[in-house]
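A.B. asks: sequence first, predicted coordinates after that:
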Amino acid sequence: MVASRKKTERLFNLVLCLLATRQPISAEHIRTSVQGYEDSGLEAFKRMFERDKDELRELGIPLETVEDWEGNPGYRIRRDVYELPELTFTPDEAAVLGLAARTWQHATLAQAASSAMLKLRAAGMDVDSSLPGIEPRVGAREPAFLPLWQALLGRYPVRFGYRRPGRDGPATRTLDPWGVVSRRGRWYVAGFDHDRQAERVFRLDRIVGDVERAGRPGSVHVPEGAEVRVMVTSWAEDDVGGRRAVLRVRQGAGYWLRRHASRVTHGEDGFDDVELEFTHPERLAESLAGHGANVVVLEPEDVRKGVLARLEAVAYGGRR
Amino acid sequence: MSGLPGGGTSSERLSRLLALVPYLQRHQGVPLDEAARTFGVSERQLVDDLDLVFVSGLPGYTPADLIEVDYEGGTITIDNADTIARPLRLDVGEASALLVALRTLADVPGLADRDALNRAIAKLERAASDLDVRAGRVGVEVEAEDRVVPSVRRAVTGGRRLHLRYYVPGRDEVTERDVDPIRLLVVDGRSYLEAWCRRVDDVRLFRLDRVVDLHETGDPAEVPERVQLRDADEGLFRPSHTDLLVTFELGQGAHWVADYYPCESVTENGGVVRATLRTSDTSWVRRLALRLGGKAQVVDPPELVEQIRADARAALAAYEKVPAP
């Protein structure tokens, strides 16, 4: 820890020095004047200084390299670029920010949110008021989430393996990511698929293996008017209508079917006739089979057959 | 924040110092323990940070160049630190993490003050204007629960008892119960009410999209002090070890079951996945088995296997009574 403390001290002094200077200063000047470099030889200093510059830039510190009239590099940090602009938050704004900062369950994003909050507090925001009784949480357990999040922030294309149900082995896809959206607890990425030359949506839990960078940072441009949420919603949309099914539903059962029914006709024999709009016959058959003896499909024929096939497979064993 | 000895890696620590110095300038005289809490570090770590700041400054490093820090008597004062009077601006990751979370909150009607959310979002976007985070490219879409979220939130904050008509899909029935609200949870886009349910005398989690109807009873909520709240960070549904262990064999086309439900074990052998999960209520397992229609089978316990076959036969008998038109 001693070495690490020394390094922190050196980086801190370097930031102070570069912030304080108006004129860019040379590497040699830094070596001889900034605390922490004084014991190092020329070669060791060069390596150390390169690494230090990288580390500062990784933290988001705008370290500038400016060449003088002879082409010699000089360094500085412009305060107006470095400093958080003047921001004042009212107590109710600070309270919702506090709530937002607690929302992420993903470790990297939770860390980013709390470090943002520290900066805002350091700039004078008070977060005393909390909102009791409300606990929002957003998780992202899929390993693909973080690399895609980083690709979006860095605006570069990605390549990944994608597994489709019913197909052998994952296929490699290359994508300009435009956005990731969580819908009903599931994450999707939408963007431009290089292989298909078309807009596509992918489920993060079907991405296999690593998500790799497949192009230059800054090279992805999200087209004006691209509606990522709309893309995901229409891709993931459940049954929304188009065809009509007629069911007999036992009275007191099938609450959810009744709620989404277009018409319910009361019957005298303990069953009601329920009419329902649907799109995908197989999906409807699957969900209706779950109702067992409480629901009988009258029409259409394909849904009725789909339910019967499932029930028979369960009643008499054997996989389809 | 890191709990590592030494307070994390040197760049994490540097980040903290760069926020600490402007924070202390705005909070002259802040007690050590309060500052440590704000920065999520131990007091010992904070003192170590202060000692580091104390020996730092501008080249020359004469007393006039060094930052002055004093924490004698348990309160901190700082001087001669004008060079870093303000924190570093937010980077794109930090600004985006906060913005996406704020937009998620704004998506749930009635969850938090909409007006305050919009103002906070606008200010953050302005502060991060050069970072291209406006496009809103990361989104958590929340299912709209505008019907009930505002009334649930009022009951939670006001400590008032609710009467719920609540749909239980596993049993396909609408239940009636009085509950004493504890918290409103919004997890991965779904909203839940955590409440003390007076029907079962235990804490229950209610999905708000399954609330058919609700009203306040006029009584104050009385939540027993002994209740154990679940940790929202550890997943909402933790089956109990006393629950029944059910074993599924999942064929092609049913592997998703192992991803979707919290399984206790999952093993694969020749394309067939064996998954076990625990549940206190088998009615949803029976429905699921019928839906999967042979693509998957419950293989254990035997009573449940037999029950599911009986369910399927009863359903087929119902079809025989109503032939296709």
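C.D. replies: Sure, I can see it.

A.B. asks: sketch out the helices for the stretch 151-300 of chain B, chain order is fine.
C.D. replies: Assigned by DSSP state H, counting those that start in this stretch, the helices in the stretch 151-300 of chain B fall at B:256-260, B:283-292.

A.B. asks: lowest mean pLDDT across these, which one is that?
C.D. replies: Looking at the helices of the stretch 151-300 of chain B, the lowest mean pLDDT belongs to helix B:256-260 (a mean of 76).

A.B. asks: centre of the chain versus stretch A:297-304, how much separation?
C.D. replies: Relative to its parent chain, stretch A:297-304 has a centroid offset of 40 Å by CA atoms, centre = their mean, to the nearest Å.

A.B. asks: which residues are contacting it?
C.D. replies: For stretch A:297-304, the surrounding residues in contact (CB atoms under 8 Å, 6 or more residues apart in numbering or on different chains) are A:243-248, A:273, A:278, A:281, A:284-285, A:288, A:307, B:319, B:322, B:324-325. Using the backbone N, CA and C atoms, a C-beta is placed for each residue, glycine as well.

A.B. asks: spatially nearest residue to A:G74 (excluding sequence neighbours)?
C.D. replies: A:P24 (2.8 Å; CB to CB, 6 or more residues apart in numbering or on different chains).

A.B. asks: in contact with that neighbour, which residues?
C.D. replies: With CB under 8 Å, 6+ apart, A:P24 has these contacts: A:64-66, A:68, A:73-76.

A.B. asks: run a quick neighbour tally on B:A122.
C.D. replies: By other CB atoms under 10 Å in any protein chain shown, the residues close to B:A122 number 11.

A.B. asks: same check on B:T242?
C.D. replies: 7.

A.B. asks: and what of B:R44?
C.D. replies: By other CB under 10 Å, neighbour count at B:R44 equals 12.

A.B. asks: for B:D213, same thing?
C.D. replies: Quick note: B:D213 (other CB under 10 Å) scores 12 neighbours.

A.B. asks: and residue 38, what element?
C.D. replies: No chain specified, so I'll use chain A. Taking DSSP states H and E as the definition, one finds A:E38 inside no helix or strand.

A.B. asks: my question was about chain B
C.D. replies: helix B:32-39.

A.B. asks: tell me the buried residues in that helix?
C.D. replies: Neighbour-count burial for helix B:32-39 flags B:32, B:35-36, B:38-39 (criterion: 16 or more other CB atoms under 10 Å in any protein chain shown).

A.B. asks: swap in stretch A:6-18?
C.D. replies: For stretch A:6-18, by 16+ other CB under 10 Å, it's A:7-18.

A.B. asks: what of stretch A:271-285?
C.D. replies: Residues A:271-272, A:274, A:276, A:278, A:281, A:284-285 are the ones in stretch A:271-285 that count as buried (16+ other CB under 10 Å).

A.B. asks: what does stretch B:308-322 give?
C.D. replies: Across stretch B:308-322, burial judged by 16+ other CB under 10 Å covers B:308-309, B:311-313, B:315-316, B:318-319.

A.B. asks: can you check stretch A:35-53 too?
C.D. replies: Per 16+ other CB under 10 Å, stretch A:35-53 contains these buried residues: A:35-37, A:45, A:48-49, A:52-53.

A.B. asks: for stretch A:80-92, same thing?
C.D. replies: A:82-84, A:87, A:89, A:92.

A.B. asks: next: stretch B:279-288.
C.D. replies: Of the residues in stretch B:279-288, B:279, B:282-288 count as buried by neighbour count, 16+ other CB under 10 Å.
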